[in-house]
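Peer 1: Okay, predicted coordinates and the sequence, questions at the end:
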Amino acid sequence: MEQCNKGIIKSLDLAKEMLLLSDEGDALREDSGCGVLYGIIRDSAYKIKKLAEAEREAHIIKGWWK
């Protein structure tokens with residue numbers, strides 16, 4: 001595997017973990033401050049996921065993704 005692809009895979013894994021954390025935290029929160037925190041984590045996860053998926057597609061097109 002190309003070294004540059006490892007970072008993309010780690011980024012996708014990180015986004016997945018962030019989404020799980022935001023779902024768990026949001027379900028257990030007791031105040032609006034936590035809701036804001038988990039909302040920011042969720043939004044950030046979706047942004048990371050979108051960028052990482054776009055970069056993965058670019059690598060596939062370039063033939064760098066196996």
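Peer 2: Right, received. Where do you want to start?

Peer 1: Could I get the pLDDT score of the residue nearest the centre of the chain?
Peer 2: The residue lying closest to the centre of the chain (Cα atoms, centre = their mean) is Ala15, at 1.8 Å. pLDDT for Ala15: 98.

Peer 1: Touching, it and Ala52? I think so.
Peer 2: Yes. Between Ala15 and Ala52 there is a contact under Cβ atoms under 8 Å: 6.6 Å. (C-beta placed from N, C-alpha, C; glycine too.)

Peer 1: before we move on, the earlier item: and the residue nearest to the centre of the chain, which helix or strand is it part of?
Peer 2: Per DSSP states H and E: Ala15 is located in helix 3-28.

Peer 1: Only alpha carbons, please: show stretch 20-30 as CSV.
Peer 2: Extracted C-alpha coordinates of stretch 20-30, given in CSV (Å, rounded to 0.1, in the frame of the first residue of the first chain):
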residue,chain,number,x,y,z
LEU,A,20,-19.7,7.2,17.0
LEU,A,21,-18.6,9.4,19.8
SER,A,22,-21.0,12.2,18.8
ASP,A,23,-23.9,9.8,18.7
GLU,A,24,-23.0,8.2,22.1
GLY,A,25,-22.4,11.6,23.7
ASP,A,26,-25.5,13.2,22.3
ALA,A,27,-27.6,10.3,23.6
LEU,A,28,-26.2,10.7,27.1
ARG,A,29,-25.9,14.5,27.4
GLU,A,30,-27.6,16.4,30.1
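
Peer 1: Show me what that stretch is in contact with.
Peer 2: Cys34, Gly35, Leu37, Tyr38, Gly39, Ile41, Arg42, Ala45 (Cβ atoms under 8 Å, 6 or more residues apart in numbering).

Peer 1: Could you tell me which of those count as buried?
Peer 2: Tyr38, Ile41, Arg42, Ala45 (16 or more other Cβ atoms under 10 Å).

Peer 1: Looking at the residues you listed, which one is closest to Lys6?
Peer 2: Ala45 (19.3 Å; Cβ to Cβ).
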